[in-house]
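Student: model this:
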Amino acid sequence: MPRIAEIESTPNRNALKFILKEPLTWGVTRSYDNPEQARDDPLAAALFDIDHVINVFYVDRWITITQDGGADWQDLAREVADPIRAAPAAVSQSATRVAAAAEAIAGLSLEDQQRLETINALLDEEIRPYLQNDGGDLHVLGLEGNRLSVHYQGACGTCPSSISGTLRGIQNMLRSIEPDLEVVAV
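Tutor: The predicted structure follows:
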């Protein structure tokens with residue numbers, strides 16, 4: 001049962017990041033935008049049962065909860081803490097992590113797989129740590145020609161700056177290795 005070490009605000013005023021003492025997953029992200037998506041995840045389903053919760057995102061030792069803006073965070077934080085504490089801590093999921101990584105490159109040519117690996121390495125080094133620090137993340141959905149499709153997760157998924165300034169910054173950084181790359185948020 002994960003214990004909450006601390007609670008942090010994020011740049012998105014409707015999202016809070018809960019830092020845990022035990023991991024919920026080992027490198028595998030879970031991101032849900034509605035109760036239907038979360039129906040097979042007991043933790044996320046329990047959180048969506050709470051009024052005002054509109055997004056659940058978690059990985060490793062942290063979870064970000066986004067609300068609709070209609071609740072007081074002090075009250076809502078106490079309410080979401082119960083399902084978080086009741087969730088089982090993760091056992092090693094290295095096989096699941098490998099499968100998730102393989103899914104992202106399935107069907108790509110060897111050249112495009114190498115391009116995607118280079119892109120992900122730069123994202124891991126320069127972008128994801130900042131997004132994760134703010135309670136979110138970025139998942140690469142695909143690479144088709146010079147078009148990279150990404151999906152913002154957690155606090156970043158509903159933050160207005162992620163679609164404007166952050167996306168342009170990511171595209172500009174990635175153009176240092178691929179000058180014609182277009183990055184689109186899906």
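
Student: now the strands: where do they sit in the chain?
Tutor: 4-9, 15-20, 30-32, 53-59, 62-67, 136-144, 147-154, 182-185 (DSSP state E).

Student: and the ones you listed as TSV, adding mean neighbour count and mean pLDDT?
Tutor: In this view, the C-beta of every residue, glycine as well, is placed from N, C-alpha and C. Shown next, in TSV, are the strands of the chain (neighbours: other CB atoms under 10 Å; pLDDT from 0 to 100):
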stretch	mean neighbour count	mean pLDDT
strand 4-9	13	92
strand 15-20	21	94
strand 30-32	20	93
strand 53-59	25	94
strand 62-67	26	95
strand 136-144	19	86
strand 147-154	20	87
strand 182-185	16	91
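
Student: quick one: least confident helix or strand in this protein?
Tutor: helix 94-105 (a mean of 52; mean pLDDT, DSSP states H and E).

Student: so which of the strands of the chain is nearest residue 130?
Tutor: Residue 130 lies closest, by CB to CB, to one member of the strands of the chain: strand 136-144, at 9.4 Å.

Student: relative orientation of that closest one and strand 62-67 in degrees?
Tutor: Angle of strand 136-144 versus strand 62-67, following axes from the mean of the first three to the mean of the last three CA atoms, to 10 degrees, is 90 degrees.

Student: how far away from the center of its chain is strand 136-144?
Tutor: 10 Å (CA atoms, centre = their mean, to the nearest Å).

Student: same question, stretch 14-32
Tutor: With CA atoms, centre = their mean, you get 8 Å for stretch 14-32.

Student: start to end distance for it?
Tutor: The first and final residues of stretch 14-32 sit 16 Å from each other (CA to CA, to the nearest Å).

Student: that'll do, ta.
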